[in-house]
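In: got a predicted structure here, sequence first:
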Amino acid sequence: MTYSYKNILLLFLLILCAAGCKKGYLDTVPDNITTLKDVFTNRTMTEQWLARLYNPMPDMWNQPYGVPWTGQSDEADYAWVQPGINSGAITPDNASPSNWNGYYQTIRQAAIFLQNADQNQEIKALPGGDKLLKQYKAEARFLRAYYYWLLMRQYGPVVLMGETASLPEDNFQIPRSPWDECVSFVLSEIDKSFSDLPVQHVNPVDPTQPDVTQTGRITQPIVLAVKSQVLLYHASPLFNGNKDFASFTNQDGTVLFNQAYDKEKWKRAADAAKAVIDLNRWDLFTVSDPDPFRAAFLSCRNLFFDGWQKEAIWIRTSSAHVSNWERHCSPRCANGQGWNGIAVTQEQVDIFRMASGKTINDAGSGYSESGFTATATPYYVNGTYNMYTNREARFYVNVTFNGSTIPVVPEAGQTRVEFFFTGNSGKNGAPRDWPSTGYTARKNIHPNNDFRTGRNFTRPAMMIRLAEIYLNYAEALNEYTPGHADILKYLNKIRNRGGLPDLLPGLSQDEMRAQIRLERRIELMFEGHRYWDVRRWKVADSPDQHQGGAFHGMNIEKGSSLSDPEFHKRVTSFTRAAWQNKFYFYPVPQSEIDRNKKLVQFPGY
């Protein structure tokens, strides 16, 4: 980290000017920036500096390359890239994605903005200019705290650099701050930003309407939603009285994780989530249909195309990567041009309930792993394996399986997806464009895409949505006040949207915890949560949530017809390295350990 903070300012500015950025608010690039005075006495340049603080924001649909957390959990296996954590080959020299330097550079850029923005008399001279400048500084303060939070989630306790941007001659031999201190700093910073941010960015011509050109910029509701995330993690077993990390200390013996469990952390997490809910600004997105099952399917599928207007709390204005996600997930028979490479594990397939709400292991569920259906539906064709029939609506939203309907506009004569060996998307048809498990991810693939013509549908990416906040609230409340009526109230809202009946009162705290975790696993599948959830819950090595060892699927080496029993057999599809506790966090890059002699590595690396 030493040299990350010793960048020559001129070099940083030249690189900044040359960098590309997103369309819309994060658009134009200033020319010939050479000094801080130039930047912070010119309105356009100051605003562009602020805009670039948004650039490193992760896009959960940038898979499998930029944000590979789905393929590093039990949700999926990537055909083209295997992160080192999966094989156990992850080291401080090769860990990817390595966000350490990038996020710290943006943290420093935010600090420079906070130190210098008040110089801008041009902004202050605008009508309401003083208020606008305070808003800009609040955005920068929040973003600086948010990048610290992203670092903490990935690396554990981090180095806090203080309020001001360090100079090249400053001392960069700085130890990690304890986890609780890091959390306190992040929460303090986002709280400081709150009062100077708008509730909503409104149209300057018609203040009764939102200003869509400002979509994605920080607002008070976003601050509260992020606070809910931070406090939920902070209360969770990985961070709350985790005695397994007692030996993780700085060189002076400072313990980096508090060893005492504090139940009140769950109350603060519950209160934070409820504060978001009580704003009453959003609703769960739903679609009406005479068929309740179809209504549930369309509600959960179309959420990602239309539902952001109703359910999204924090939005990326447009996801530049969603078209690649769609192509990576789509089977090869999708217009003949799907890349067929994000494979869903059998472990994920098995967690989906039946349409009745029963699990596949419940008595009387009707689940079967023998035979093939004689009935076609809008979701699968006649001859499909009975394992895939009569499942809950979100199964058909999330998973493409052998016999399922094609997820996009089909080619003439194509009626179904075939993952068996000689099928239209099977292993025999391409050198690498096949899913290792015989399933591909389906969520957030627009049904009207046509890869042949390049037709796709741009749309925002929901970074935080209301369903997540409901789940945050239910989880925290169950840990603090088991049996509280709001637990079922908000959990059932999500279940009902997915077409499932209410859970009834009477579950124990442990039983309710299992239901909440299952609901989170299904509702937020592929959205970048699972990798972090199994860690904060400390269940990554449990048999039913294991993140290492053998993962299963259908036998993609066999099968010559849709209903071939040889394909429809559970087999080990791939094996990952056995779980090690070092996998709870990423290693800090070795170059940073070498430079900062007080920076300790996470144990095991």
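Out: Arrived safely.
In: could you list the low-confidence segments of the chain?
Out: Judged against pLDDT under 70, the low-scoring parts of the chain cover residues 1-34.
In: in it, what residue spans correspond to strands?
Out: Taking DSSP state E as the test, the strands found in the chain are 76-78, 312-316, 342-344, 399-400, 440-441, 461-465, 549-553, 571-576.
In: so which of these is nearest residue 150?
Out: Across the strands of the chain, the minimum distance to residue 150, taken as CB to CB, is reached by strand 461-465, at 11.6 Å. Any C-beta I mention is one placed from the backbone N, CA and C, and that applies to glycine too.
In: mind putting the strands of the chain into CSV with distance to residue 384 and mean neighbour count?
Out: Listed next are those as CSV, based on distance: least, CB to CB, whole Å; neighbours: other CB atoms under 10 Å:
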stretch, distance to residue 384, mean neighbour count
strand 76-78, 22, 25
strand 312-316, 34, 22
strand 342-344, 16, 28
strand 399-400, 12, 24
strand 440-441, 16, 29
strand 461-465, 31, 23
strand 549-553, 16, 18
strand 571-576, 19, 16
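In: relative to residue 502, which of those is closest?
Out: For the strands of the chain, distance to residue 502 was read as CB to CB. The smallest value, 21.7 Å, belongs to strand 461-465.
In: and the angle for that closest one with strand 312-316?
Out: Angle of strand 461-465 versus strand 312-316, following axes from the mean of the first three to the mean of the last three CA atoms, to 10 degrees, is 150 degrees.
In: within its sheet, name the partner strands of strand 461-465 and how each one runs.
Out: strand 312-316 (antiparallel) (DSSP bridges).
In: and the contacts of the strand it pairs with?
Out: Contacts of strand 312-316 from elsewhere in the structure, counted by CB atoms under 8 Å, 6 or more residues apart in numbering, are 57, 59, 215-216, 221-222, 225-226, 276, 281-282, 308, 460-466, 469.
In: what's the span of stretch 323-343, first residue to last?
Out: Distances were taken as CA to CA, to the nearest Å; on that basis the terminal residues of stretch 323-343 are 17 Å apart.
In: ok, stretch 253-261 next?
Out: Taking CA to CA, stretch 253-261 runs 20 Å from one end to the other.
In: in that stretch, what counts as buried?
Out: Neighbour counts over stretch 253-261 (16 or more other CB atoms under 10 Å) mark 256, 257, 258 as buried.
In: residues contacting residue 266?
Out: When the contact criterion is CB under 8 Å, 6+ apart, the partners of residue 266 are 235, 476, 477, 479, 480.
In: next: residue 265.
Out: By CB under 8 Å, 6+ apart, the contact set of residue 265 is 231, 234, 235, 240.
In: and which of those is nearest residue 491?
Out: For the contacts of residue 265, the nearest to residue 491 is residue 235 (17.8 Å; CB to CB).
In: and for that closest one, the neighbour number?
Out: Neighbour count of residue 235, defined by other CB atoms under 10 Å: 25.
In: leaving out sequence neighbours, find the closest residue to it.
Out: Leaving out its chain neighbours, the residue that sits closest to residue 235 by CB to CB, 6 or more residues apart in numbering is residue 265, at 3.7 Å.
In: any idea how far the one you found is from residue 536?
Out: With the distance defined as CB to CB, to the nearest Å, residue 265 ends up 12 Å from residue 536.
In: residue furthest from the geometric center of the protein?
Out: Note on the chain: the largest separation between a C-alpha and the mean C-alpha position, by CA atoms, centre = their mean, falls on residue 125 (40.3 Å).
In: list just the nearest of the buried residues of stretch 253-261 to residue 296.
Out: Out of the buried residues of stretch 253-261, the member with the shortest distance to residue 296 (by CB to CB) is residue 257, at 41.6 Å.
In: correct me, but that closest one touches residue 179?
Out: Yes. Under the criterion of CB atoms under 8 Å, residue 257 lies in contact with residue 179, with a separation of 5.2 Å.
In: quick one: contacts for residue 505?
Out: Contact partners of residue 505, counting by CB under 8 Å, 6+ apart, are 483, 488.
In: try residue 397
Out: In this structure, residue 397 makes contact with 297, 300, 301, 442, 443, judged by CB under 8 Å, 6+ apart.
In: neighbour-wise, which of the residues you listed leads?
Out: For these, the largest neighbour count, defined by other CB under 10 Å, is 28 neighbours, found at residue 300.
In: returning to that earlier point: anything in contact with each of residue 257 and residue 179?
Out: 156, 157, 239.
In: let me know the closest of the residues you listed to residue 37.
Out: Within the shared contacts of residue 257 and residue 179, proximity to residue 37 (CB to CB) peaks at residue 157, which comes in at 36.6 Å.
In: what's the farthest-apart pair in the contacts of residue 266?
Out: With distance counted by CB to CB, no two of the contacts of residue 266 lie farther apart than 235 and 477, which are 11.2 Å apart.
In: distance check, the residue nearest the centre of the chain against residue 70.
Out: Geometric centre of the chain, nearest residue: residue 528, 2.5 Å, by CA atoms, centre = their mean. Counting by CB to CB, the separation of residue 528 from residue 70 is 7 Å.
In: buried ones in the top helix by length along the chain?
Out: As far as residue count goes, and with DSSP state H defining each element, the longest helix of the chain is helix 129-155. Using 16+ other CB under 10 Å as the burial criterion, the residues of helix 129-155 that qualify are 132-155.
In: picking up where we left off before, most surrounded residue in the shared contacts of residue 257 and residue 179?
Out: Neighbour counts for these were taken using other CB under 10 Å; the highest belongs to residue 157, with 26 neighbours.
In: just to check, that residue is in contact with residue 183?
Out: No. Distance between residue 157 and residue 183: 9.5 Å, which falls outside the contact criterion (CB under 8 Å).
In: need the buried residues of stretch 253-261 in CSV (columns: distance to residue 484).
Out: What follows is the buried residues of stretch 253-261, written out as CSV (distance: CB to CB, whole Å):
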residue, distance to residue 484
256, 33
257, 29
258, 26
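In: of those, closest to residue 198?
Out: If you rank these by distance to residue 198 using CB to CB, residue 258 comes first, at 35.6 Å.
In: great, nothing more from me.
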